[in-house]
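1. coordinates for the following, if possible.
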Amino acid sequence: MIAERQRLERDRAALPERETQAKQQAQQLAEQQGQPIALPDPFTEKDKTEAEERERELARRVSELTTELERARARPEALRAEIAEARKRLETLQIELGRLRGEEARGGDDEARRALRRRIALAELEIAALEQHIANLNDTIELLQGLLPVLRLERDNAERAHARAKQRLELYTRAWESRLAAERARLAEQQRVAEVLAREGLPYEKSRAEAEKLLLAEADRTKAIEQEVSRWEQRLLALRTEAEKRRAETKKLEEQLEKASGEVEARVALLLGRFLEAVRRTRRFYDTKLAPAHDEAVRRLAELRAALEALDEQRQARREQFDKLHEVAKALFDTLHARYPTVYPEARWEAEERRWRELETRLIESVQQRERALRTLLERLVDVIELASAEGQRLVELESIVRRRAFWLREKPIIEYERIAPAVAVLEGYVRRARAAVAEPGALLRAVARWIAAPGRWWRLLLALLAAGLLVLTARRLGVQLERRFASTPEPPVPWRERARRAALRVLEAAVGPGCVAGWTAIVHALFASPVTLAALWTALLVLGVRGLQTAVRVLLRPVEADWRVVPVADDVARWLARLAQRVLLVTAIYLGLFALAPLLGPEAAEALRPVLGLLYRYVLVVIGLLAAADPVVFRRLLRLFSRDMAERLQRAMLPLGLFVGANVLAIFGLEAVGYRNAARSVRGSLLTSLGVIVAGLVLDRVLFRMVVARLAPSGVEGGEADGEGAEDDEQRRRRAFLLQLLGGLTDAVVLVAVLAGILFAYEVEPTTIERVLATPIVPPAEDGTGGVVVGGALAAALILLLTWVIYRYVRGFFDLFVLPRLGLSAGARFAITSVAGYVIAATGVLLALGQLGIRLGELEWLLAAAGVGIGFGLQEILSNFVSGLILLIERPIEVGDVVTVGEQTGRVERITIRATTVQTPDNVSVIVPNKEFITSRVTNWSHGDPKVRLRIPVGVAYGSEVGRVRETLLEVARKHGQVMRRPPPEVHFVGFGASSLDFELFVWVISPRPGVRRKVISDLCAAIDAAFRRAGIEIPFPQLDLHVRDATRLAVRLEDGEAKPQEGTAAAAPEAEEPERAVSTVREELARRLAARRSRAEMQVPKLDGES
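-> Residues are numbered from 1 along each chain as shown. This next block holds a predicted model:
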């Protein structure tokens, strides 16, 4: 055990040094990572061999460290299993030890008791050994957990070093292969020259043949390029011809449009439609021909530029190859001329030189011709690109012109009094006839009689009455049959099939009556074909459909009876769907009824009224849909999908959004009603696009927020951690909350900007319009052109202030949570740094915003002068508090979290601002103290410097108590308290002899200056002292008082006389009767005075905290 413990201690002591070495090695490797690997020049094969050995050694080191890391990862589990077994064994031994001690306690002979003691000693030794073994195992696990990061770092270092050694070896290998290749090339060149010299032949014909081959190849390439140039020229000519044709057609239509501008609106609309169709055809031509040609030309242009660069390289390579062949030929000729001067004279070489120069000239001309062809093709491609770009720009301009002209093109209005005047006249005629019939009932009866008496009508009327009777009987019979179906009602829960069957029967029951009426009206229309009967038939069919649909909605949704509901939805959703369906059915029934009755007003009136009815029907449905979407049921369920902050923002944005949508719907209705249909279609499309953008933005914001939440979700924490881990978890939670708020705000801002951009795009707001709006002056400039504020400057100032507020809010939190804690600063120092940084950011933002508004710092001199005058008269206190706040933040005599006493108030410093400091008392009351009080007044800082605080507790014991025993008892109580410091140790002083007690004082030190902690420690110590004195038999005395009576005998006689003769004497007996009463009252007053003095002295001995009452 001792050897194992020593080994653990050695490993633990060596671990920091090993970690430091690994970190230093990692830093060195990181510095080497960015540096290139340099090889010795020249290097030998020995260097390459050493690099190979170094690489193999590092690979073996990586393998060893990986194996050691895996063993270190797997070993804690085995050690934990061993700990579990040891703990089981320990529990068994403890049980056995308890049993042995029980047997020893029961007694027995001496031999048995000695055997039991030996067994108990052995068990205790084994228990101690197991506990030490478990402790060693736990230390081993802790050491392994500390060793794992070091092993990972060493393995990573070894892998980096191995990778660098491998790169170095590869460089050696490539350099060695390059050296071998160069050597082989040099040997091959020497061998080739030796073979040529050995043959002593003339290589001129071979070299000339190679040059001619190169020339033919260049000629073929030049011909191919010229063919491609001609093909592109033909294509460009065709595109230009087609573009000119389209341009001429568009120009012709533009001229026609200009000529027809003064004609009637119908002609303008027709020409505008034709013009729009021409623009669309041109756009299709651009999309199908010019745009692909543009893209292909751009691609081919890039290829040609690359080809030109490659051609330059080839030309340079050909020239170098030609020069090399020329030099070889010259060297061979010089050799042959030296050996055979008569066979190879100088003149022959001059002739060959001329032939070489001619070949070179032809080759260069061929290359130049090819380059010219490529450059011509390049120019054609540039023309194609410029043509396509010009056509695209022209199409954009044409679309903009057509859109502006078509937006305010007015067509025939839908709602126009001249069109509905015939319908109004027909309605007035019907009203007059109805009034006349009501005024003269006899005339109405005579007209009905004449209608019935007409030939061939009475039997038709008889058939209609018989059909009505048969339909009534049929309806009653069906009603009785259906009532029998509903005679028995099952108990809930009802199966879905039964609910669906009963719903279908209910719909059938509701449709029986309207169906019979519709059938009878059909029979009447077949017998008496007229517009009135046709309208009646349409009305009956409409009532049948509406009645059936209403019943179907009611029985399927069952807004009240949830047990019989066929559609599985919630109660509030069922009620919402029922309300929506009822409103839609009601509006649809009114529309269809009016649509069916319109022919009764005449063909012209029907033709005029039906578009109006359709327009009103569409927009009433839109209003119903908007009201249904704004219903609290839908809104509450929508808000559940978002966070609380986002839901509150959406709830606040509902009113502006509703006003925006309502204004757009009203504008669309008005534009379409008065004839501006293109404008109405444009606004309607913009509105739908805007709503789609808003919905997409909400969905995107929700998705991004969920991704952020999932990314920042806390991982599981293993149990059994210390308090420090809990504090770290709290810090991590604060960081996660800050990051969640920051990223959530960032996603909201990004989505908001995207939504605003989408809305501007939906309403087709042009950049020039935005520029004109931003350049609109709010404050006109001066005569010299300086000053002035425009809309863009005001918006920029507002944006700067908003960004300043965001930076002020989030940068302080970022520094406070992520940067400053790593520097080891206290909470007060962190607060001071973040406060000063926040003030600097705020001041910078305000100055930048003022600069955007055209206000410079030099222009504020008058304001600063006025501020100086104001400070001189009435702002001294504010300036004093401001300067005191700066002193507190810089000098930091108090910090956030300190416990201070200012005047009669004691509390914890919560916040230090530029004007005042917030102090929170133990009663959770916030006291706002001006900063001047902390600089000019006397302040007690319980946390300044050393946080230790000494507490004094006076204790009195009865006379006769043993002083040493009292001292030891008080010291024992102080040492046992968990919050009392051991260094400095507690002290007990015998301070004197009191009136009724021996007075002691107990002095203890605590680490926390907080009033709550001090009060709790004093309370705990007083309670513990009382309990310890009771156990030790030490008495805490009561106040003692001795009463001395000078003449007790005379007082007793007078008291007895007063009791025996209460009736004797009048004036003379009164003083004698009053003397005992005065004595008693005097004694009582003396007792009360001494008791009050004792109580005040006892209260003075009780320790009080500064600032407490």
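2. can you classify residue 955 by secondary structure?
-> At residue 955 the chain is in strand, as set by DSSP: H, G, I helix; E, B strand; the rest coil.
3. and for residue 918?
-> Under three-state DSSP, residue 918 falls in the strand class.
4. do the same with the one 4 residues further on
-> Here residue 922 is coil, with the state taken from three-state DSSP.
5. low pLDDT regions in the stretch 151-300 of the chain?
-> By pLDDT under 70, the weakly predicted segments of the stretch 151-300 of the chain are 186-233, 235-237, 239-240, 242-243, 246-251, 253-300.
6. now stretch 142-156: buried residues?
-> When neighbours are counted by 16 or more other C-beta atoms under 10 Å, the buried residues of stretch 142-156 are found to be 143, 144, 147, 150, 151, 153, 154, 155, 156. Backbone N, C-alpha and C define where each C-beta goes, glycine included.
7. give me the contacts around that stretch.
-> When contacts are taken as C-beta atoms under 8 Å, 6 or more residues apart in numbering, the neighbours of stretch 142-156 outside the stretch itself are 8, 11-12, 15, 18-19, 22-23, 25-26, 62, 65-66, 68-69, 72-73, 75-76, 79.
8. pull out the buried members of these.
-> When the contacts of stretch 142-156 are checked for burial by 16+ other C-beta under 10 Å, the buried set is 8, 11, 19, 22, 25, 62, 65, 69, 72, 76, 79.
9. and the pLDDT for the last one?
-> Same thing as residue 79. Model confidence at residue 79, given as pLDDT, is 78.
10. so residue 529, which state does it fall into?
-> When the structure is split into helix, strand and coil by three-state DSSP, residue 529 lands in coil.
11. if I look at it, how far off is residue 540?
-> The span separating residue 529 from residue 540 equals 16 Å under the rule C-beta to C-beta, to the nearest Å.
12. what do you get for residue 1038?
-> Counting by C-beta to C-beta - residue 1038 and residue 540 are separated by 108 Å.
13. and these two? which has more neighbours close in?
-> Just comparing residue 1038 and residue 540: by other C-beta atoms under 10 Å the higher neighbour count belongs to residue 540, 21 against 10.
14. shouldn't the more buried one be in contact with residue 523?
-> No. In terms of C-beta atoms under 8 Å, residue 540 does not count as a neighbour of residue 523; the distance is 11.0 Å.
15. name the nearest residue to residue 610, ignoring sequence neighbours.
-> Distances taken as C-beta to C-beta, 6 or more residues apart in numbering place residue 598 nearest to residue 610, at 5.9 Å, with adjacent residues excluded.
16. burial count for the one you found?
-> Considering only other C-beta under 10 Å, residue 598 is surrounded by 20 other residues.
17. what's the spacing between it and residue 592?
-> Distance, residue 598 to residue 592, by C-beta to C-beta: 11 Å.
18. ok, now residue 355?
-> Summarising the geometry, the distance separating residue 355 from residue 592, computed by C-beta to C-beta, is 102 Å.
19. can you report how many residues lie near residue 244?
-> The criterion is other C-beta under 10 Å. On that basis, residue 244 has 10 neighbouring residues.
20. and the buried ones among the contacts of stretch 142-156, which two are the farthest apart?
-> 25 and 79 (28.8 Å; C-beta to C-beta).
21. for residue 979, give me phi and psi.
-> For residue 979, the backbone dihedrals are phi -100, psi 0 (criterion: degrees, to the nearest 10).
22. and if you look at residue 1035?
-> Dihedral angles (degrees, to the nearest 10) for residue 1035: phi -100, psi 140.
23. give me the neighbour count for it.
-> If we define neighbours as other C-beta under 10 Å, then residue 1035 has 14 of them.
24. I'd say it and residue 956 touch.
-> No. With contact defined as C-beta under 8 Å, residue 1035 does not count as touching residue 956 (10.1 Å).
25. re the thing from before, narrow the buried residues of stretch 142-156 to those in helices?
-> Secondary-structure check on these using DSSP state H: residues within helices are 143, 144, 147, 150, 151, 153, 154, 155, 156.
26. can you tell me the closest non-neighbouring residue to the fourth one?
-> So the one you mean is residue 150. Residue nearest to residue 150 in three dimensions, not counting chain neighbours: residue 19, with 4.8 Å by C-beta to C-beta, 6+ apart.
27. following the helix or strand where the one you found lies, which helix or strand comes up?
-> Residue 19 is part of helix 2-33, with elements assigned from DSSP states H and E. Scanning forward in sequence from helix 2-33 by DSSP H and E, the next helix or strand is helix 45-106.
28. helices or strands up against that following helix?
-> Other helices and strands packing on helix 45-106, by 3 or more C-beta pairs under 8 Å, 6 or more residues apart in numbering; DSSP states H and E, are helix 110-199.
29. and the angle from the helix it packs on to helix 45-106?
-> For helix 110-199 and helix 45-106, the angle between their directions (axes from the mean of the first three to the mean of the last three C-alpha atoms, to 10 degrees) works out to 170 degrees.
30. quick one: mean pLDDT for stretch 798-805?
-> Taken as a whole, stretch 798-805 has a mean pLDDT of 85.
31. with stretch 747-763 instead?
-> When pLDDT is averaged over stretch 747-763, the result is 80.
32. all strands for the chain, in order.
-> Using DSSP state E, the strands assigned to the chain run over residues 777-779, 789-790, 899-902, 905-912, 916-920, 926-930, 939-941, 949-957, 987-993, 998-1006.
33. still on that earlier bit, pick the one among the ones in helices among the buried residues of stretch 142-156 closest to residue 1030.
-> Taking C-beta to C-beta as the measure, residue 1030 sits nearest to residue 143 out of those, at 49.1 Å.
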